[in-house]
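K.L.:
below are the sequence and a predicted model for it; my questions follow.
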Amino acid sequence: MHELGVTFHIMDHLERVAEENQAVKICKVTLELGEVSTVIESYLQNCWKWAAAKRPLFEEAELVVETLPAITFCEECDQTYATVEHGKICPYCGSGSTYLLQGNEFNIKEIEVE
């Protein structure tokens, strides 16, 4: 389960940001999580709750996850389509000359602090 390592990485980064900005408490963190990012949201939420309880800056901090859909682009017909539904093969022309446009992101989008 790499979600625990991801959680520690996020919190370490946010602790530095909070210190630089003299924040005393992080109330809410919003993440953008790509649909095919390999991070499982429910595991991430569980790890967040466990780790937040052990770090005073994050006590009661809410983690909000916004899922970004996976979108693939076909180089043959210039169409985009839902990656999870259709995979690597373009549903419009049957080509395998495709690549992922979005959906594997993992970004800190927003932080609410006191």
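P.N.:
Done, it's in.

K.L.:
grab the CA positions of the host helix or strand of Phe73 and hand them over as PDB.
P.N.:
Using DSSP states H and E, the element containing Phe73 is strand 71-74. This file holds the C-alpha atoms of strand 71-74, laid out as PDB (Å, rounded to 0.1, in the frame of the first residue of the first chain):
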ATOM      1  CA  ILE A  71      -9.200  10.800 -21.200                       C
ATOM      2  CA  THR A  72      -7.300   9.300 -24.200                       C
ATOM      3  CA  PHE A  73      -6.500  10.900 -27.500                       C
ATOM      4  CA  CYS A  74      -6.400   9.000 -30.800                       C
END
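
K.L.:
check contacts around the residue nearest the centre of the chain.
P.N.:
Centroid-nearest residue in the chain: Leu33, 2.4 Å away (criterion: Cα atoms, centre = their mean). Contact partners of Leu33, counting by Cβ atoms under 8 Å, 6 or more residues apart in numbering, are Val39, Glu41, Leu44, Val65, Glu66, Thr67, Leu68, Glu105, Phe106. Where you see a C-beta, it was placed from the backbone N, CA and C, and this is true even at glycine.

K.L.:
report the separation between it and Asn104.
P.N.:
10 Å (Cβ to Cβ, to the nearest Å).

K.L.:
and the strand holding Phe73, what does it pack onto?
P.N.:
strand 80-82, helix 83-86, strand 98-102 (3 or more Cβ pairs under 8 Å, 6 or more residues apart in numbering; DSSP states H and E).
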